[in-house]
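Asks: One predicted model, sequence on top.
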Amino acid sequence: MKMVKSLILGSAAGLIAMSGAQAADLPVKAKAVEYVRVCSLYGAGFFYIPGTDTCIKLGGYLRIDTTFNGSIYDQPAWSGDLGQGNRYRDYFAARSRMALTVDTRTATEYGVVRTFGQADFQFTTQGNNTTNPAAFTASPAAGTNTGLLNQPGEGYVAVEYVFIQFAGFTFGKSSSAFATPWNGYPGNNSSFLLGGHDTVTGVNNIQYTAQFGNGVSGTIGLDDPTVFNRTSVYNLAYALNATGNGGNAYAGVHAPDVVGNIRVDQAWGLFQISAAAHEVSGSYDFLNGVAVPAGAVGPAAASPTALSEIGGHPDTKWGGSVMAALQIKNIPTGAGDDVKIDATYALGDTKNVISTSSASPSFAMFGNTGRAGAYQSIGFGATTDAVWLPNHATTGPFAGGDGQLKLTQAWGIRGAFNHNWDPYWSSSLFGSYSAVRYGGSAGDLSSAKGAYCQAYIGSTGGLATKSADFSCNPDFNVSQLGVVTRWTPVKNLTFSAEVMWFHLDQKFTGTSTLGAAAPKPTTVYEFKDQDTVSFNVRAQRNF
């Protein structure tokens, strides 16, 4: 009986254990998997961020770019070692870039809330097309510049657009309200087509856009001019160098640029009128006037001294610019062909004419000469927003002006004709013409031209070092003409080649003994117009 009882209890315990094991092995209902859903509200490529009502699109491009007889992105050989044509210049320069973009959009009761950002991962074989040691090691006061050369495995990340859009407002780094939709690219690959505004890489701003219906819109904004919309202001009481440049004596930013546009978008194309107001201010009348040579210790040119604050300064002035732009589509030369053109006038706002996707250039180019006794020819153009000559007799070696800022005038026109040969081949013919003017006459110290010429002549040895037919005139014009042809064998993969001619029309005449930047010798140079041609090849894959 005892044995039977043990068997019954053991069987019961075994059944309970088996039941527990089977219960543990039963499948538990998994949480529903939320698959990525396509968002068709904002075009191709958007999808919903899982668990949200926000749509996101990831995109960008990979670009390989090489320029011959120029700098990256088809910058002409218009300054530095490239402009000199010396043995420190690189005959070609290349950049590899991968741009990543993130675009998010959310529908709300106020309309779409959008955020956008673009980061460029890039490597440049030689940042400034030079191996000149002076470009890499500045004076100890300025520090050592190592950013010009990317070492193997280095490179850097550049930030382009980063902005939020909400209820008609844009906050962040985006194109200025002054800009056209094509910025500085009516049909070119080059990032250096002058003649108008270019904030294709963004400027910090706040702007509001109103839609009036029938394709008519208006935008008003405030731009931070610190990086993108200031060239130079020269205190002409101090020396200019052989190529007409001096230390930049701009004061700090006191006010944003006020910008705006009225735009009409129609099936036939686009028409836009833009305007900008820009503050121009000089720092002080008393400044350090002698630049420190590379490797030496001391203050940079136009840096303050102990007399600066008590010595006075010029009054601030307001300048500005206006632009008209036109795009014509559906022209009879072929499907998808168009013409884009814009024209700009500026007073004290030269960056909106002599503009690139980065800084405004000044020009310094050397070439051959047929003039007896001259070593080479030289052409230069100083890009400024204003100049001034202090009226204190003790200020610098070239004082005696009226102490007021003289705003620089500039105007430019640029455009392109874009033609599709077939679905795989296209070409663009593009060009520009720009002019920079210093008002007044060479003999009038109260004018920009008179003050500038006194400073330049005095800085370069006086009239005794000039030829009998020498004349001083800092005005200049620049012209560009180019053509680019593209081959797109498969969708979103394009190979292109671009050739561009650049001409500097300078207004000095005669010859002068000049102490040009090393390795050029101090000797006689003929003032003469200059030309250069660059060639660029590019491969780009969009995704």
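Replies: Here it is on my side, so go on. Numbers count the residues shown, from 1 in each chain.

Asks: tell me the phi and psi of Glu279?
Replies: Per-residue torsions, Glu279: phi -80, psi 130 (degrees, to the nearest 10).

Asks: What sits closest to it if chain neighbours are left out?
Replies: What sits nearest to Glu279 in space, not counting adjacent residues and going by CB to CB, 6 or more residues apart in numbering, is Ala255, at 4.8 Å. Backbone N, C-alpha and C define where each C-beta goes, glycine included.

Asks: helix or strand for the one you found, which one?
Replies: Of the helices and strands defined by DSSP states H and E, none includes Ala255.

Asks: And the pLDDT for it?
Replies: pLDDT recorded at Ala255 is 97.

Asks: Around it, how many other residues sit close by?
Replies: For Ala255, the neighbour count with other CB atoms under 10 Å is 13.

Asks: All the helices of this structure, in order from the start?
Replies: 2-25, 80-84, 133-136, 225-228, 448-459 (DSSP state H).

Asks: how about stretch 223-230 as CSV, C-alpha atoms only?
Replies: C-alpha atoms of stretch 223-230 as CSV (Å, rounded to 0.1, in the frame of the first residue of the first chain):
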residue,chain,number,x,y,z
ASP,A,223,21.5,88.7,-42.8
ASP,A,224,24.6,88.5,-40.7
PRO,A,225,27.2,90.2,-42.9
THR,A,226,30.3,89.2,-40.9
VAL,A,227,31.4,86.3,-43.1
PHE,A,228,29.6,86.7,-46.4
ASN,A,229,28.9,90.3,-47.1
ARG,A,230,32.0,92.4,-46.2
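
Asks: heads up, I number from 38, so please use that
Replies: In the new count, where the first residue is 38, that last one comes out as stretch 260-267.

Asks: can you give me how far that stretch is from the chain middle?
Replies: 11 Å (CA atoms, centre = their mean, to the nearest Å).

Asks: what does that stretch rub up against?
Replies: Residues outside stretch 260-267 that contact it (CB atoms under 8 Å, 6 or more residues apart in numbering): 213-215, 236, 240-242, 287, 290, 293-294, 296, 313, 315-316, 386, 388-389, 422.

Asks: Neighbours of the residue lying closest to Gly349 once chain neighbours are set aside, how many?
Replies: Spatial nearest neighbour of Gly349, excluding adjacent residues (CB to CB, 6+ apart): Asp322 at 4.8 Å. Counted with other CB under 10 Å, residues neighbouring Asp322 total 24.

Asks: Phi first, then psi, for Asp322.
Replies: phi -70, psi -40.

Asks: and it, what does it touch?
Replies: Taking CB under 8 Å, 6+ apart as the test, what Asp322 contacts is Asn272, Ala274, Ser345, Gly348, Gly349, His350, Pro351, Pro427, His429, Thr432, Gly440.

Asks: Kindly report the same for Ala204.
Replies: Neighbours of Ala204 in contact, by CB under 8 Å, 6+ apart: Tyr147, Gly148.

Asks: what residue ranges in the stretch 188-337 of the chain score low on pLDDT?
Replies: The stretch 188-337 of the chain contains residues with pLDDT under 70 at 188, 328-335.

Asks: Can you list the residue ranges for strands in it?
Replies: Counting by DSSP state E, counting those that start in this stretch, the stretch 188-337 of the chain has these strands, from start to end: 193-203, 206-211, 240-250, 253-260, 270-272, 294-303, 306-317.

Asks: ok, now how distant is Glu535 from Ala453?
Replies: For Glu535, the distance to Ala453 equals 12 Å [CB to CB, to the nearest Å].

Asks: Now list whatever residues contact both of the two.
Replies: Asn225.

Asks: Pull out the buried positions in stretch 79-96.
Replies: By 16 or more other CB atoms under 10 Å, the buried positions in stretch 79-96 come out as Tyr79, Phe83, Tyr85, Cys92, Ile93, Lys94.
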